[in-house]
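J.: Sequence first, then the predicted structure, then my questions.
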Amino acid sequence: MKLTILGGGGFRVPLVYGALLADHAEGRVTAVTLYDTDADRLDAIARVLADQAEGVPDAPAVLGTTELDEALRGADFIFSAIRVGGLEGRAADERVALDEDVLGQETVGAGGIAYGLRTVPVAVDLARRIARLAPHAWVINFTNPAGLVTEAMSRHLGDRVIGICDSPVGLGRRIARTLGVDPERASIDYVGLNHLGWVRGLHVDGRDELPRLLADPHLLGSFEEGKLFGTDWLQSLGAIPNEYLHYYYFNREAVRAYQEAEQTRGAYLRDQQEGFYARVKDPAAPAFPAWDRTRAEREATYMSENREVAGVGERDESDLESGGYEQVALALMRAVARNERTSLILNVRNRTTLSVFDADAVIEVPCLVDANGAHPVGVDPLPYHAVGLVAAVKAVERAVLDAAASGSRATAVQAFALHPLVDSVSVARRLVDGYTKVHPGLAYLNRP
C-alpha cells in the first residue's frame, strides 16, 4: 500500500514512520510519499526516517516531493498534516489574541478560529484535488483544528475523510491505569467535539469502573486530569473532561498564565524546531537522535502553563510515553485495509448520533471501523452543561466554514463573537482586524 503524508516535512512525521516500521503484517504500507512545500524540511525528515529504518529489512520505501499531484496519484491512504502559515503563524495567532486579553491557543478560542480561517480554504482545495486524483483513497486528517478541518473536507470527500486525535485515547488510558485496569480491555464512553469532550464511563467486562474513580478523592487526584481540574470539580461534573476543557473551565487563569509566560507555546516550538532543522542540515549530524531529543523536550513542556495554574508540576513519566496519534492512525489503516474490525474514538460525521446536531456535523465519538470506514456508535444524550458548550462551538465552526467559503468579514466577526471565550463583539472586530494585518492569507475576508 502507498501512504502519502501531506506536510511530510513536519516534525511529527517520524512518529508515524516509527509505527509503520513495527508493522510487518500482510497488506502493510510499503511505500511512503512525503509531500511538502519546503524542500529543506523534507530533506531533514527524510534523513531522520533513514536513521529510523536502519536495520529494518522491510522498511517502507520513502520518497520526498514538492509536487502535490505526484504525491496524490496512486495513494491508498493520505494523511493530511499541514500547518498553514507554519509555527510563525501560530505564534502570531497567540500574540494577537493575548493582546486582546483572550486565549490564543491554536485549537481553542480566538487562536483556533484564526488558524481555521487560514487553513480551511487550503484544506478544501486539497479535498477537491484528492477527489479528482485519488478518489478511492482514504484521508486521515491530523490537521488542526481537527474537527473543523475534517468537516470542511467531508463536504467534498464524504465519509472517506476521518479525523483523528490522540487526546481521548490518552485520557482513557490514564483513567484505566489509575484504576488498575488493562487499557486494552477497557471500552471508553467518550463524546463531544475535537478538544471538547468528556469521558462518561469506562467499561470492563460490562461493568462501569468510572464511578469507583469519582468516589475516591485520593485516587481521582492521583492522575493528570485529577490534578489539572481538581477532584471537587470532577466529582461535580460526574465525568472526566478532555484536558483542553481546562481552557474553558479556568479561562481567566489560563489567559493570565499565557500572558505572563516568557514566550508563547507557538513561539517556543518555532524556536525549538528552527534549531532542530538547522542542526540536521549538517550531513555529519546524527539526525534521529537530534529529533528524539527535541521531541522529548516538546512533550515535557506540553500544556505547561495550564499545569502551572493548577499547581500540578511536571508531567508524569507515564504520560510522556509514545503511542499517541500515530498508533490511532495505524489502527485505523489496519481496520480499513484488512477489514480488522476495531473500535476507535474518531472525528466523523454525526449522522443520527447526537440529536443536537445535523447529520453532517463532525463530532468526536467511539466508532466501529471496518473496510467500509468508520461508523459512529450510539451514545447517551449529552448533559445540558455539555450541550451548551458543544452547540456554541459548533456554531462557531459553521461560521468559520461560511466565512471561508464567502470571504465575508462580517461572518468572520460572527465566528469570533459567538465563541464562549470571546466576550465582546467589539473584541471580535478588533481580532479580525489584527489577524488580517499579520496574516496575508486572510486577505480574502474582504466582502461584507
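T.: On my side now, so go ahead.

J.: wait, what's in contact with Ser424?
T.: Going by C-beta atoms under 8 Å, 6 or more residues apart in numbering, Ser424 touches Ala417. Every residue, glycine included, has its C-beta placed from N, CA and C.

J.: Got phi/psi on it?
T.: Dihedral pair for Ser424: phi -160, psi 140, per degrees, to the nearest 10.

J.: could we number from 884 for the rest of this?
T.: New numbering, starting at 884: the last item is Ser1307.

J.: Against Asp934, how distant is it?
T.: 51 Å (C-beta to C-beta, to the nearest Å).

J.: Specify the local secondary structure of Ala997.
T.: helix (DSSP: H, G, I helix; E, B strand; the rest coil).

J.: Tyr918 versus Arg978, what's the distance?
T.: Distance from Arg978 to Tyr918, by C-beta to C-beta: 30 Å.

J.: between those two, who's got more neighbours?
T.: Comparing Arg978 with Tyr918 by neighbour count (other C-beta atoms under 10 Å), the higher total belongs to Tyr918, at 25 against 17.

J.: Would you agree the more buried one is in contact with Ala954?
T.: Yes. Counting by C-beta atoms under 8 Å, Ala954 is a contact partner of Tyr918 at 3.7 Å.

J.: Now the common contact residues for these two.
T.: With C-beta under 8 Å, 6+ apart as the test, Tyr918 and Ala954 both reach Thr887, Leu889, Gly891, Thr948.

J.: can you pull out the strands in the stretch 1084-1233 of the chain?
T.: In the stretch 1084-1233 of the chain, the segments counted as strands under DSSP state E, counting those that start in this stretch are 1090-1091, 1123-1124, 1225-1232.

J.: which of those strands sits most buried?
T.: Ranked by mean neighbour count, the strands of the stretch 1084-1233 of the chain are led by strand 1123-1124 with a mean of 26 (mean count of other C-beta atoms under 10 Å).

J.: What is that one packed up against?
T.: strand 1079-1087, helix 1107-1112 (3 or more C-beta pairs under 8 Å, 6 or more residues apart in numbering; DSSP states H and E).

J.: what mean pLDDT does the first one have?
T.: What strand 1079-1087 shows for mean pLDDT is 97.

J.: now do the shortest one
T.: If you average the pLDDT over helix 1107-1112, you get 96.

J.: Figure out how far that helix is from the centre of its chain.
T.: Averaging C-alpha positions (C-alpha atoms, centre = their mean, to the nearest Å) puts helix 1107-1112 20 Å from its chain's average.

J.: Counting by contacts, list what that helix packs against.
T.: Where contact means 3+ C-beta pairs under 8 Å, 6+ apart, helix 1107-1112 is packed against helix 1050-1061, strand 1123-1124, helix 1129-1132, helix 1187-1193.

J.: Mind pulling up the pLDDT for Glu1223?
T.: 89.

J.: Just the terminal-to-terminal distance for stretch 1044-1052.
T.: Terminal residues of stretch 1044-1052 are spaced 20 Å apart (C-alpha to C-alpha, to the nearest Å).

J.: outside of it, which residues touch it?
T.: By C-beta under 8 Å, 6+ apart, stretch 1044-1052 touches 1010, 1021-1025, 1029-1030, 1032-1033, 1036-1037, 1071, 1073, 1077-1078, 1080, 1082, 1125-1127, 1207-1208, 1210-1212, 1215, 1227-1231, 1245, 1247, 1256-1257.

J.: So for that stretch, mean pLDDT?
T.: Mean pLDDT, stretch 1044-1052: 95.

J.: could you pull out the strands for the stretch 884-1033 of the chain?
T.: Under DSSP E, counting those that start in this stretch, the stretch 884-1033 of the chain gives strands at 885-889, 914-918, 944-948, 960-963, 1021-1024.
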